[in-house]
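>>> Any chance you can model this:
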Amino acid sequence: MIVDRINEYLAANELTFDWYIQKEVGQLAEWSFSRQFMKKDEYDSTGKLHMSSIGKCERQLAYKYHGIQGEGKSIDGRARMNFFFGDLAELVLIKLAKLSGVPLIGTGQDQVRITLPLNSTGNEISGYPDGFLVDGREIKTVSIKSMPSFRFRAFEKGDIDDSYIAQANIEMLATGLSECVMVALCKDNGVFGERIIERSQAVVNKLRQSAKVVIKSTPKELPAARYEPNNKGKYPWQCLYCAHWKLCKPNAQKVLKGKNYELHEPLNTKEQLTESLELAA
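Take a look at the predicted model:
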């Protein structure tokens, strides 16, 4: 749908020059570079819910919703590089799609802010879709994601990250649309992939409930944590990369395993001995 047109364009002998696209690429790349590497992030999420994160752990959302300062994973240089690469992936794919003749609207500097009201007191979820595809008489939302090869292989098989599915569904619900074209870029080899995501009532209901749980919570009565350690005390990667894991898991420790860090709950002596023997074996 989008990827086929891009690949056809890139494989063709003739290329198209578009001054407006060239200018906007420069402006958006400049804006992203400045945002990630030249300005201190002072964005305040207190009292706000965002479509890009609504599928995450309810407790994590509540920490940000109540303005509670994080004491875990911070936005370091590596994270900023990943955010910048994500911005560039979206920029390149959207502009290549336009050069190849894909009818896209609401992209780049023309992105629109959408909201989904949650109750009569003004609570809402807001977001900025990557764009919209005009497919004949139908309109579909467009979502651009960049990912490493192991996630890309899963994406091609239809195994898509829950947070991506959540964002796509909430954006479809807010716009009254029923399908999302999700385009993925493999960061390791530059290969494109594409999947059609259909709006799921079950996913929508779950997201609405999560939002209500967050809104009704208080700084002293936070929602239950979604993730627990396995039988060896290891937490999933979502906890390690959470900015609030030190508040949520006060006894947990970052442990270096090989070349990567893991988040572990301290084990008792018997469990530690068993694990040591297993590692030695």
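>>> CA atoms for contacts and neighbours, from now on please.
Noted.
>>> Tell me which stretches of the stretch 151-281 of the chain form strands.
179-186, 192-198, 253-257, 260-264 (DSSP state E, counting those that start in this stretch).
>>> I'd like to know which helix or strand in the protein has the lowest mean pLDDT.
Scoring the helices and strands of the chain by mean pLDDT, DSSP states H and E places helix 269-280 at the bottom, with a mean of 49.
>>> Neighbours of M182, how many?
23 (other C-alpha atoms under 10 Å).
>>> need the contact list for it.
Contact analysis of M182 by C-alpha atoms under 8 Å, 6 or more residues apart in numbering lists 142-145, 194-197.
>>> Could you identify which of the strands of the stretch 151-281 of the chain is most buried?
strand 179-186 (a mean of 22; mean count of other C-alpha atoms under 10 Å).
>>> Sheet-wise, list the partners of that one with their directions.
Using DSSP bridges, the strands paired with strand 179-186 are strand 138-147 (parallel), strand 192-198 (antiparallel).
>>> wait, A243 sits on Y63?
No - contact criterion C-alpha atoms under 8 Å: A243 and Y63 do not qualify, at 9.3 Å.
>>> Show the contacting residues for H66.
Here H66 is in contact with 46-47, 218-219 (criterion: C-alpha under 8 Å, 6+ apart).
>>> Let me know the next secondary structure element after whichever strand or helix holds F84.
Element membership of F84, judged by DSSP states H and E, is helix 77-99. The helix or strand immediately downstream of helix 77-99 is strand 104-105, counting by DSSP H and E.
>>> and that next one, what does it pack onto?
strand 131-135 (3 or more C-alpha pairs under 8 Å, 6 or more residues apart in numbering; DSSP states H and E).
>>> contacts for the strand it packs on?
Against strand 131-135 from outside (C-alpha under 8 Å, 6+ apart): 102-108, 111, 139-143, 181.
>>> which ones are touching the closest residue to I68 other than its chain neighbours?
In space, and not counting its chain neighbours, I68 is closest to P219: 7.7 Å by C-alpha to C-alpha, 6 or more residues apart in numbering. Residues in contact with P219, defined by C-alpha under 8 Å, 6+ apart, are 62-63, 66, 68.
>>> Please identify, among those residues, the one with the most neighbours.
Most surrounded of the contacts of P219: other C-alpha under 10 Å gives A62, at 26 neighbours.
>>> pLDDT score assigned to that residue?
In this model, A62 is scored at 97, pLDDT.
>>> do A11 as well
92.
>>> next one: the one 5 residues further on
You'll see T16 listed with a pLDDT of 86.
>>> Could you report the neighbour count for the nearest residue to it once chain neighbours are set aside?
The shortest distance from T16 to any non-neighbouring residue, by C-alpha to C-alpha, 6+ apart, is to L99 (6.6 Å). Residue neighbour count, defined by other C-alpha under 10 Å, stands at 19 for L99.
>>> From E8, how far out is L99?
11 Å (C-alpha to C-alpha, to the nearest Å).
>>> Equivalent analysis for V213, please.
47 Å.
>>> go on, Y164?
27 Å.
>>> who has more neighbours, those two?
Each of Y164 and E8 has its neighbours counted (other C-alpha under 10 Å); Y164 has more, 19 against 11.
>>> got the contacts of P219 as JSON lines, with secondary structure and distance to V204 columns?
Listed next are the contacts of P219 as JSON lines, based on DSSP: H, G, I helix; E, B strand; the rest coil; distance: C-alpha to C-alpha, whole Å:
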{"residue": "A62", "secondary structure": "helix", "distance to V204": "19"}
{"residue": "Y63", "secondary structure": "helix", "distance to V204": "22"}
{"residue": "H66", "secondary structure": "coil", "distance to V204": "23"}
{"residue": "I68", "secondary structure": "coil", "distance to V204": "27"}
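>>> Pick the one among those closest to G122.
H66 (16.0 Å; C-alpha to C-alpha).
>>> quick one: pLDDT of the closest one?
At H66, pLDDT is 96.
>>> Now do the phi/psi pair for it.
For H66, the backbone dihedrals are phi -90, psi 0 (criterion: degrees, to the nearest 10).
>>> same deal with the one 3 residues further on?
Backbone torsions for Q69, taken as degrees, to the nearest 10, come to phi -60, psi 140.
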